[in-house]
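Asker: the sequence and its predicted three-dimensional model are supplied below.
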Amino acid sequence: MADYIIALDQGTTSSRAIIFDKKGSIISVGQKEHEQIMPRAGWVEHDPIEIRDNMREVIGIALGRANLTRHDIAAIGITNQRETAVVWDKNTGIPVYNAIVWQDTRTQSIVDRLAGDEGVEKYKDIVGLPLATYFSGTKIVWILENVEGAREKAEAGDLIFGTTDSWVLWNLTGGPDGGVHATDVTNASRTLFMDLETLEWRDDILADFGVPRSMMPEIRSSSEVYGEARDTSLLRETPVAGILGDQQAATFGQAAFDAGESKNTYGTGNFLIFQTGTEIVKSENGLLTTVGYKLGDEPAHYALEGSIAVTGSLIQWLRDQLGIISSAPEVEELAAKVEDNGGVYFVPAFSGLFAPYWRPDARGAIVGLTRYANRNHIARAALEATAFQTREVLDAVNADSGVDLTELKVDGGMIANDTLMQFQADVLGVPVVRPVVAETTALGAAYAAGLAVGFWNSLDELRANWQEDRRWTPNDDVAERDRQLRLWKKAVRKSMDWVDDDVR
C-alpha cells in the first residue's frame, strides 16, 4: 500500500511539491521560484508555461530526495494562488497571455465600469465579494478585451480559463489530450462568478462581464478524485483527489474545521480565515464571504476572510527594490537593533488597501520620518505593518462574528520571525500559536486528497496530527497598544485618496 501523499503547491513566488506521511509530517520538498513579471506600475504577471514546467520539475525533486516513486504515492493534492487568472487555448495548451496575478491592479477601470451606479457591492449578496481588481473575473475581461483575437476564439469555444489549480490539473491529467478542466468550490468562490448558495456559475453575472460560459471550468468539491496523472508525469496513474485554494488549504491544514475556528497565514500577503460552518455569514465590516471547504457530497462549509495584499512581499520589496537587506531574515536583525519604530509607520498599499478598507485609491506611504530615523526603524516599521493590518482584520472578524477570538493560530513563511510574532501578540492582546508543521497550505491539500482515497478516514484523525510548537503571549501595556494603533490608523488615512486621473 502507498504510504504517502504528495501536495502540489502552486504559489505566488514559487511552485513546490511536498510529500507527507500519515502523521502529516514532511518527508521531502521540491521547490522552484518563478519570475515576477512587472511590465508597468500596478501590473503583475507570471508565465504559465514556466509554472507548468517548474511544477513538473519539483515533483521529480521531491520524489528523488525521498527515494520514492509513483507507486509510493496514494494521491495528489493541489493548492494554489487563488485569484491569478490563466486563459489558454484548449487545443494547443498555449496561454494567450501571461497569467495576471491576484496583486495586479490594471483592471480598475473595468471594476468602475461594471459597478456603475450600483457600486462595488453590486454582486456581493450572491458571490460574497465586492467588485475589485483582486478577483479573477475582471482579469478575464481584460484579456478578452486587450489580447488580439482572444474574444473571437473565446466565443468560438477554443479558449478556457482557470486559476492556477485548474492550469496544473489540466496539464497533469493530459492537457490537450483529455485534460480535466475543473476547479473546486474554494477557488470558484474567488472569481466573482459563483453563487455561494448553489455553488454554480451565475449565467447573468457572466453575461454582465461578457465572459462566455464555455470558458469556465467545472466546479467540483475540494475532496474527490478528479482524474489521474497521465503518462507525461512521474506520477502517472496516481489519482488527483484534492484541490483547495491556498488560504482555505492552510486553514484545513491547521485542523480548523468547525465554526469559530480560525488561522492567519503570513505569506506574500496575509489572510485570516474564520470558519462559520454551513452558514453563509455576510460581513458588515469589510470582510469577504467565501467557501471554506466541501468534502465530496457533504454540505459546503463557509468562512469569513480578511485579505491583506502586502506583508511578506513588503520584505521582498525592501530586498529587491530598495536593497536595504540582502535576504529576508535580515529584516529581523535590523528591527532588533532598535527599541521601537522611532515614530515611523509604513503602510504598504502597493495594490491599494484590501480588508477592511477596500480602497483602490490608496498607495504605499512611509510617514513619521525625522532625521533620527534610519534603516533599522524602516525595517521595524515594515514588520509592524503586518501586525497592525492583522489587528484591523481581526477586529472586523470579532465584530462580524460577535465572538472575540481568544488565540490566533498562525502559519506561513513569516512566522519564523520571532520579533514579528511577539509584536503580533502584543498588538492583538491575545496569544499567537505556531504549529509544529508550518507548511499548513500544502498539508491542507494533502489532507483533502488523502480523505478522498481513504488514506485518512476522518477529520478527527487529522485533528490528532496537529501539535503546538510555540506560543507567544502579549504584554499587558494596553495604553501603549492603543497609542500605536491610533498612530497606525492615522498613517493609513494618509495613504488614501492618492490615485486620481493624473496618477499613473
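Answerer: That came through fine. Residues are numbered from 1 along each chain as shown.
Asker: state the distance from Ala328 to Gly413.
Answerer: In this view, Ala328 and Gly413 are 8 Å apart by C-beta to C-beta, to the nearest Å. Where you see a C-beta, it was placed from the backbone N, CA and C, and this is true even at glycine.
Asker: likewise Gly364?
Answerer: Applying C-beta to C-beta, the value for Gly364 to Gly413 is 21 Å.
Asker: what of Tyr447?
Answerer: 20 Å.
Asker: Val281 now?
Answerer: 29 Å.
Asker: please apply the same query to Glu152.
Answerer: As it turns out, when the distance is counted by C-beta to C-beta, Glu152 lies 42 Å from Gly413.
Asker: same deal with Val310?
Answerer: Val310 sits 14 Å away from Gly413 when distances are taken as C-beta to C-beta.
Asker: those two: which is more packed in?
Answerer: Neighbour comparison, Val310 and Gly413: the larger count goes to Val310, with 26 against 18 (by other C-beta atoms under 10 Å).
Asker: that's a strand at that one, yeah?
Answerer: No. The secondary structure assignment for Val310 gives coil rather than a strand, going by DSSP: H, G, I helix; E, B strand; the rest coil.
Asker: begin at 452 from here
Answerer: New numbering, starting at 452: the last item is Val761.
Asker: list the contacts of the nearest residue to it once chain neighbours are set aside.
Answerer: Counting by C-beta to C-beta, 6 or more residues apart in numbering, the nearest residue to Val761 once its immediate chain neighbours are dropped is Pro799, at 4.0 Å. Contact partners of Pro799, counting by C-beta atoms under 8 Å, 6 or more residues apart in numbering, are 760-762, 764-765, 768, 815, 833, 836.
Asker: okay but Met666 is in contact with Phe612, surely?
Answerer: Yes. At 4.5 Å, Met666 and Phe612 qualify as touching, with contact defined as C-beta atoms under 8 Å.
Asker: what's the overlap in contacts for these two?
Answerer: Residues touching both Met666 and Phe612 comprise 538, 591, with contact defined as C-beta under 8 Å, 6+ apart.
Asker: so what's the residue count around the nearest residue to Asn715 once chain neighbours are set aside?
Answerer: If you skip the residues right next to it in sequence, Asn715 has Leu723 as its closest partner in space, 4.4 Å away by C-beta to C-beta, 6+ apart. Using other C-beta under 10 Å, Leu723 has 27 neighbouring residues.
Asker: Leu723 should be in a strand, yeah?
Answerer: Yes. Leu723: assigned to a strand according to three-state DSSP.
Asker: if it is in a bridge, with which residues?
Answerer: Per DSSP bridges, residues listed as beta-bridge partners of Leu723: Asn715, Gly757.
Asker: who touches both of Ala779 and Gly864?
Answerer: Shared between the contact lists of Ala779 and Gly864 (criterion: C-beta under 8 Å, 6+ apart) are residues Gly763.
Asker: which residue ranges of the stretch 452-601 of the chain form helices?
Answerer: For the stretch 452-601 of the chain, helices defined by DSSP state H, counting those that start in this stretch occupy the ranges 499-517, 559-566, 575-578, 587-597, 601-606.
Asker: same check, this time on the stretch 852-955 of the chain
Answerer: Listed in chain order (using DSSP H, counting those that start in this stretch), the helices of the stretch 852-955 of the chain are 869-879, 891-903, 910-914, 929-946.
Asker: where in the stretch 602-751 of the chain is pLDDT low?
Answerer: Residues of the stretch 602-751 of the chain meeting the criterion pLDDT under 70: 682-683.
Asker: the residue nearest to Asn715 contacts Thr841, correct?
Answerer: Yes. The pair formed by Leu723 and Thr841 meets the contact definition of C-beta under 8 Å, at 6.6 Å.
Asker: overlap in contacts, those two.
Answerer: In the contact map built from C-beta under 8 Å, 6+ apart, the residues linked to both Leu723 and Thr841 are 715, 757.
Asker: ok, Met666 and Phe612, which is more surrounded?
Answerer: Set side by side, Met666 and Phe612 show more neighbours around Phe612, with 27 against 20, by other C-beta under 10 Å.
Asker: which element is that one on?
Answerer: In this structure, Phe612 is located in strand 610-614 according to DSSP states H and E.
Asker: against which helices or strands is whichever helix or strand comes after that strand packed?
Answerer: Sequence-wise, the next helix or strand beyond strand 610-614 is helix 615-623, with elements assigned using DSSP H and E. The criterion is 3 or more C-beta pairs under 8 Å, 6 or more residues apart in numbering; DSSP states H and E, and the helices and strands that helix 615-623 contacts are strand 455-461, helix 499-517, strand 524-531, strand 536-540, strand 610-614, strand 633-635, strand 690-696.
Asker: who touches stretch 727-742?
Answerer: Contact with stretch 727-742 is made by 575-576, 579-581, 636-637, 639-641, 647-648, 650, 699, 709-710, 724, 743, 750-758, 806-809, 844, 846-848, 850-852, as judged by C-beta under 8 Å, 6+ apart.
Asker: ugh, wrong one, I meant stretch 554-567
Answerer: For stretch 554-567, contacts defined as C-beta under 8 Å, 6+ apart pick out 463, 491, 493-496, 551, 571, 573, 582-584, 589-590, 592-593, 596, 659-660, 719-720, 760-761, 764, 801-803, 811.
Asker: need the per-residue pLDDT for Val950.
Answerer: Reported pLDDT at Val950 in the predicted model: 84.
Asker: that one: what's it in contact with?
Answerer: The neighbours of Val950, taking C-beta under 8 Å, 6+ apart as the test, are 803, 811-814.
Asker: farthest pair in those residues?
Answerer: Comparing all pairs in the contacts of Val950 by C-beta to C-beta, the longest separation belongs to Pro811 and Arg814, at 9.7 Å.
Asker: between the two, what contacts are shared?
Answerer: With C-beta under 8 Å, 6+ apart as the test, Pro811 and Arg814 both reach 803, 950.
Asker: which residues does the nearest residue to Ile759 once chain neighbours are set aside contact?
Answerer: Using C-beta to C-beta, 6+ apart and skipping the chain neighbours, the partner closest in space to Ile759 is Asn721 (4.0 Å). Residues in contact with Asn721, defined by C-beta under 8 Å, 6+ apart, are 715, 758-759, 762, 837, 840-841, 844, 863.
Asker: next: Asp523.
Answerer: The contact partners of Asp523, by C-beta under 8 Å, 6+ apart, come to 453-455, 517.
Asker: switch to 10 Å and redo it
Answerer: The contact partners of Asp523, taken as C-beta atoms under 10 Å, 6 or more residues apart in numbering, are 452-455, 457, 470, 478, 514, 517, 689.
Asker: top of those residues by neighbour count?
Answerer: With neighbours set by other C-beta under 10 Å, the maximum within the contacts of Asp523 is found at Ile457, which has 30 neighbours.
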